[in-house]
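> Return a 3D structure for these sequence lines:
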Amino acid sequence: MPTLETRTGDAQITELRQVEGSGRVAVELDSRKWHVDVLQEDGVQVVASWRNGELADVELPVEGAERLEEYAGV
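Numbers count the residues shown, from 1 in each chain. Model prediction:
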């Protein structure tokens, strides 16, 4: 599982699947988890998020979104 280094810790990334014009990944950081679409033209879009294993509205840290765009070459 690839690791994405951020100021708040190392996030674990798992590729879930390819989506039209993008890829969907799972990002885990501490007790938070996101499913994120990395879009070729529009950057990143959070599809769902969890805190402590429960569905919750958890914002993806800005640095995490920026690093995902770099990682994907967007």
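> Every contact and neighbour count from this point should use C-alpha atoms.
Will do.
> List the contacts of the closest residue to R17 other than its chain neighbours.
In space, and not counting its chain neighbours, R17 is closest to R24: 5.4 Å by Cα to Cα, 6 or more residues apart in numbering. The contact partners of R24, by Cα atoms under 8 Å, 6 or more residues apart in numbering, come to E15, L16, R17, Q18, H35, V36, D37, V38.
> same thing but at 6 Å, please
L16, R17, V36, D37 (Cα atoms under 6 Å, 6 or more residues apart in numbering).
> Counting by contacts, list what the helix or strand hosting V47 packs against.
Of the helices and strands defined by DSSP states H and E, V47 is found in strand 43-51. Packing partners of strand 43-51 (3 or more Cα pairs under 6 Å, 6 or more residues apart in numbering; DSSP states H and E): strand 32-39.
> Would you state the helices of this protein in chain order?
62-72 (DSSP state H).
> Now do the buried residues in the longest strand seen in the chain.
Ranked by number of residues, the top strand in the chain under DSSP state E is strand 9-19. By neighbour count on 16 or more other Cα atoms under 10 Å, the buried set for strand 9-19 is A11, Q12, I13.
> Not counting its neighbours along the chain, what's nearest the last one?
Excluding the flanking residues, the one nearest I13 by Cα to Cα, 6+ apart is V27, at 4.7 Å.
> So that neighbour is in contact with W34, correct?
Yes. Look at V27 against W34 with Cα atoms under 6 Å: they come within range, at 5.2 Å.
> Any chance you could list what contacts the strand holding V47?
S31, R32, K33, W34, H35, V36, D37, V38, L55, A56, V58.
> mind listing what the last one touches?
Residues in contact with V58, defined by Cα under 6 Å, 6+ apart, are S49.
> cool, the first one as well?
For S31, the contacting residues are R51, N52, taking Cα under 6 Å, 6+ apart as the criterion.
> Check the spacing between it and G21 real quick.
29 Å (Cα to Cα, to the nearest Å).
> what does the fourth one give?
For W34, the distance to G21 equals 19 Å [Cα to Cα].
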